[in-house]
Every structure is written in structure tokens, then in C-alpha cells.
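>>> here you go, sequence then predicted model.
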Amino acid sequence: MGPIVEFLRSPGAPLLVNVYPYFSNVGDPQNVDLDYAQFTMPDIVVVDGYNGFEYQNLFDAMVDAVYAALDRVGAGNVDVVVSETSCPSAGGFTTTVENARIYNTCR
């Protein structure tokens, strides 16, 4: 990770990340609630024991994890841009038109 962020830091370029909360739900539906993956969870689900941040959706937790990783390697000043995100378009029990509508309109 170090050489990558050094390469980005030099011209001031952002780190582009793809964030797919649905994959976590599909891969582990027992522990990753669909509502947490698609911005519809009414309550806080995760409290980060390190910094006290509270997460009501997986998207924010995933993006913050990228920032934490950058900070860990001394690159906390590198910007992060979410370059891709979406609901699933094929396969899995969550692949529905209604779930796509919810994911794409709840933010």
C-alpha cells in the first residue's frame, strides 16, 4: 500500500475505491443485515472500539476503513473517491428491482 499512496500523493491524486456493501450481505447474510447494506437500518449497528465512530450503514464503514488504512501507512492526507458502487445486478437473493431502487435512492 505504501508505494501506491506515495505515487498518488506526489501529484495530489485521489485513491479511487469501489464500495459494494451488498457483497458483504450476500457473502454473510447471517451477520450482515440487508438493511445495514442498503442504508435502511434504523439504528446504529457498529461502534468502532478504536475511535468511537458509530455506523448505521456499511457503505460509510467501508469508506472509513479505507481512510483508516491510509492513515495507518502515513497517508491520511490522500483523498478518497468512491469510483463505483451499486446494488447487485445478477445472482443472489438480494438481486431485486426493489432493492436496487432502495439502494439508489436512500442516500
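Right, received. Where do you want to start? Treat the numbers as computed from the prediction; the structure is a model and nothing was measured.

>>> C-alpha from now on. contacts and neighbour counts both.
Noted.

>>> and the closest residue to residue 17 other than its chain neighbours, how far from residue 100?
Leaving aside its chain neighbours, residue 17 sits nearest to residue 82 (5.0 Å; criterion: Cα to Cα, 6 or more residues apart in numbering). For residue 82, the distance to residue 100 equals 18 Å [Cα to Cα, to the nearest Å].

>>> quick one: which of these two has more around it?
residue 100 (16 against 12; other Cα atoms under 10 Å).

>>> doesn't the more buried one belong to a helix?
Yes: under DSSP: H, G, I helix; E, B strand; the rest coil, residue 100 falls within a helix.

>>> could you pull up the contacting residues of residue 55?
Residues near residue 55 by Cα atoms under 8 Å, 6 or more residues apart in numbering: 44, 45, 46, 47, 61.

>>> where along the chain do the helices fall?
Secondary structure of the chain (DSSP state H): helices at 2-9, 21-27, 34-37, 58-72, 97-105.

>>> stretch 71-79: how far from the chain's middle?
Offset of stretch 71-79 from its chain centre (Cα atoms, centre = their mean, to the nearest Å): 17 Å.

>>> meant to ask about stretch 3-21, not that
15 Å.

>>> what is the mean pLDDT for it?
Across stretch 3-21, the average pLDDT comes to 92.

>>> any buried residues in that stretch, and which?
For stretch 3-21, the neighbour count (16 or more other Cα atoms under 10 Å) marks 5, 9, 15, 19, 20, 21 as buried.

>>> the last one - nearest residue in space that isn't next to it in sequence?
Going back to what we said before, that points to residue 21. In space, residue 21 is closest to residue 37, 5.0 Å off (Cα to Cα, 6+ apart).
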